[in-house]
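Enquirer: My questions are about this predicted structure, shown below with the sequence.
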2 protein chains.
Amino acid sequence: MDKPPARKAPTIKEVAARAGVSVMTASRAVNGKALVSAKAQQAVERAVKELGYVPNASARALAGNVDRRVALLHSHSTTSAYLGELLLGALGEAPQRHLHLVVEQCAPGAFAEEIVDQVAQAHVAGVILPPPLCDWSDLVDGLRARDIAVVAVAPDQDGPDMLSVGTDDRHAAYDLTRHLIELGHRRIGFIEGNPRHRANSRRVQGFRDALIHHGIDLDEALIVPGDFSYRSGLDAAERLMSLPVRPTAIFACNDDMAAAAITVAHQRRINVPADVSICGFDDTPLASAIWPALTTIRQPIRDMSREAIGLLAMRFRSQEEGGDDIIGKVKLDYQLIRRQSDAVPARH
Amino acid sequence: MDKPPARKAPTIKEVAARAGVSVMTASRAVNGKALVSAKAQQAVERAVKELGYVPNASARALAGNVDRRVALLHSHSTTSAYLGELLLGALGEAPQRHLHLVVEQCAPGAFAEEIVDQVAQAHVAGVILPPPLCDWSDLVDGLRARDIAVVAVAPDQDGPDMLSVGTDDRHAAYDLTRHLIELGHRRIGFIEGNPRHRANSRRVQGFRDALIHHGIDLDEALIVPGDFSYRSGLDAAERLMSLPVRPTAIFACNDDMAAAAITVAHQRRINVPADVSICGFDDTPLASAIWPALTTIRQPIRDMSREAIGLLAMRFRSQEEGGDDIIGKVKLDYQLIRRQSDAVPARH
DNA sequence: CTGAAAGCGCTAACAC
DNA sequence: GTGTTAGCGCTTTCAG
């Protein structure tokens, strides 16, 4: 005898029947919003467990009319890895906040206005904007002009009246530098990112602060320019390695440039990390793909999109209650990922 | 005067009214399934456009009772980039096939049975399994035992009665090798991947075939072992570079090992690509992050998940019609991505 | 605190 | 071809 092939998902009706209460009470108990007697609550909870009941999201959305849609907008320049993390966070959080997530890609050469139209036609109430979209003011303004809530993810410049999530880059750079100092390094090279990005200046600042706070004189020759690309990291590292007195450690403003520095070291038969420690920033896939794997700073991208959804939900709630538009900013903790590219400096 | 803040999405009712037909006709016209007069069809289409009507997925799912859920299951070892691509493809295709996609991550050390339970409790009718999950037979069998359709993405071993999507690795390796041969290379080194993976043997096979078909004698010393890791690529490349007669080109079985080969070349002050061409496989983010950027093979991951959704939809349709379980396999075209790591061999 | 009735937007099923 | 009726599973009223 086969088991019956028809396995329809249990409905709230069945749960109610089994718990001996009305459908309405069951609904309330499941959602936990309204007041329900402890007894009813427990009965329902048991029934739910026994039946393996999962609320039907469609029905819920339809009935509640609260199926607000939010979009995760991404451009061609968002890397798959970044997007993947963003998606994972947002997809996980959205249902819990009673939001429906849609994913929109903006066309390569599109104007801000076109994108705004596209988003508006999707009938979304809010948009999550990862970099670099979040720094495109025409786009942000256009969206807001149409009453679409915008939350910026790791924006380069963070307007005071914006919803945003991000990490404290300055502080992260400070911590990474301190880590190197505590290892015993005193001569630390720094490879800058694109000077037009605020993220870069914040990281440089953190680096400088750490040096100062630990009473280390900064040799300006140790700070060399770069632009976040691997290619630029190659040149920057060459300069650092050619210095009369070589640094014992190098802090690159991102992983790509750190990887480039490792390549240069290898080329010169300088051992990493025995002869020179090299650290990156961002914890991209590259960081763990190369050898030695990079000690770097990880931004909790997944958590960021989770929080972004939360911020949106909060804004909607406040709108429903007729309040002013809430502005919110959340700063998430970064993480120092220690791998194999750093060590105590060699003794002379 | 402000514009009215309440912007409810238009319903099919409004569309019907505007088009001067009944709701049902509008529904049929929108879905294109049933027969509708050309006139009504056009009227509805115009109304849809003018109102910016988008069918409410929840209502549709609820009414049709066809809101089949499918899961994209991923393990901790699926990289974010791979997952991101998979997600993009699946998220785009699922709604069109009237499927609702959920994303499930399986717990790090979980047993197959636990994962099967988890999936079953999510009430999904089908699961997309990226590698390495698709090669975990306990998991696959467990799922199928519960009548959950499984589609394997780029499986290492492809059972005859399985739904699967993938690319022709052997053929891709053949093409990449031919590319090198056409450039003028005759002495081509090959860095193998983990010998336990079929993907590896298929790639080796393609390489050998290409050599044979072009009348090039294969020097077995040119095929060196690796295991797909950067670390192993370093060792393999060292062996290749130490050969009495160095190869003029190296084909590494994946990008990580190709990147390692480039590092080794740099170390030895061998120019890439002037002195040695180096190609990878997979087109991971690494391929374009390093310098010179890798010429490699790209698998259309996004398309794969799209096709996977299609396969699932097809299977469900056939089930509804009471037919046998359809088995389907789709092979997608890979792409040879030419970047800067290959060139015509140097003349002696 | 609980329940009954009504309806969310849409599509099966059956009429015309 | 087209319209009518009913109902998907749930939550919102509004009465108890």
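Expert: All right, it came through fine. The structure presented is a predicted model; accordingly, all values stated were derived computationally and were not measured. Residues are numbered from 1 along each chain as shown, chains lettered A, B, ... in the order given.
Enquirer: Quick check, residue A:54 in contact with residue A:9.
Expert: Yes - here residue A:54 reaches residue A:9: they are 6.6 Å apart, a contact under Cβ atoms under 8 Å. C-betas here are computed from N, CA, C, even on glycine.
Enquirer: hey, what's in contact with both of those two?
Expert: Shared contacts of residue A:54 and residue A:9 (Cβ atoms under 8 Å, 6 or more residues apart in numbering or on different chains): residue B:123.
Enquirer: Skip the chain neighbours and tell me the closest residue to whichever residue of the stretch 51-200 of chain A sits closest to chain B.
Expert: Across the stretch 51-200 of chain A, the shortest distance to chain B (Cβ to the nearest Cβ) belongs to residue A:84, at 2.8 Å. Closest residue to residue A:84 apart from its sequence neighbours, by Cβ to Cβ, 6 or more residues apart in numbering or on different chains: residue B:84 at 2.8 Å.
Enquirer: distance between the host helix or strand of the one you found and the chain's centre?
Expert: Using DSSP states H and E, residue B:84 sits in helix B:80-93. A distance of 8 Å separates the C-alpha centroid of helix B:80-93 from that of its chain, computed with Cα atoms, centre = their mean, to the nearest Å.
Enquirer: same for that helix, what does it pack against?
Expert: Other elements packing on helix B:80-93 under the criterion 3 or more Cβ pairs under 8 Å, 6 or more residues apart in numbering or on different chains; DSSP states H and E are helix A:80-96, strand A:99-105, strand B:68-74, strand B:99-105, helix B:301-320.
Enquirer: could I get the longest one in CSV with only the CA atoms?
Expert: It refers to helix B:301-320. C-alpha atoms of helix B:301-320 as CSV (Å, rounded to 0.1, in the frame of the first residue of the first chain):
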residue,chain,number,x,y,z
ILE,B,301,25.2,29.5,-14.0
ARG,B,302,22.3,31.9,-14.1
ASP,B,303,20.9,30.1,-17.1
MET,B,304,21.4,26.8,-15.4
SER,B,305,19.1,27.7,-12.5
ARG,B,306,16.6,29.1,-15.0
GLU,B,307,16.6,25.8,-16.8
ALA,B,308,16.4,24.0,-13.6
ILE,B,309,13.2,25.8,-12.8
GLY,B,310,11.9,25.0,-16.2
LEU,B,311,12.6,21.4,-15.8
LEU,B,312,10.8,21.3,-12.5
ALA,B,313,7.8,23.1,-14.0
MET,B,314,7.8,20.5,-16.8
ARG,B,315,7.8,17.7,-14.4
PHE,B,316,4.9,19.1,-12.4
ARG,B,317,2.9,19.7,-15.5
SER,B,318,3.4,16.1,-16.6
GLN,B,319,2.4,14.9,-13.1
GLU,B,320,-0.8,16.9,-13.2
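Enquirer: all strands for chain A, in order.
Expert: A:68-74, A:99-105, A:126-129, A:149-153, A:163-167, A:188-191, A:223-224, A:249-252, A:277-279, A:296-298, A:329-332, A:335-337 (DSSP state E).
Enquirer: What helices and strands are in contact with the second one?
Expert: The criterion is 3+ Cβ pairs under 8 Å, 6+ apart, and the helices and strands that strand A:99-105 contacts are strand A:68-74, helix A:80-96, helix A:301-320, helix B:80-93.
Enquirer: at contact distance from DNA strand D, anything in the second one?
Expert: No - interface with DNA strand D: helix A:80-96 contributes nothing (Cβ under 7 Å from any atom of the strand), its closest point being 12.0 Å away.
Enquirer: Distance from the chain centre to that helix, please.
Expert: Counting by Cα atoms, centre = their mean, helix A:80-96 comes out at 9 Å from the chain centroid.
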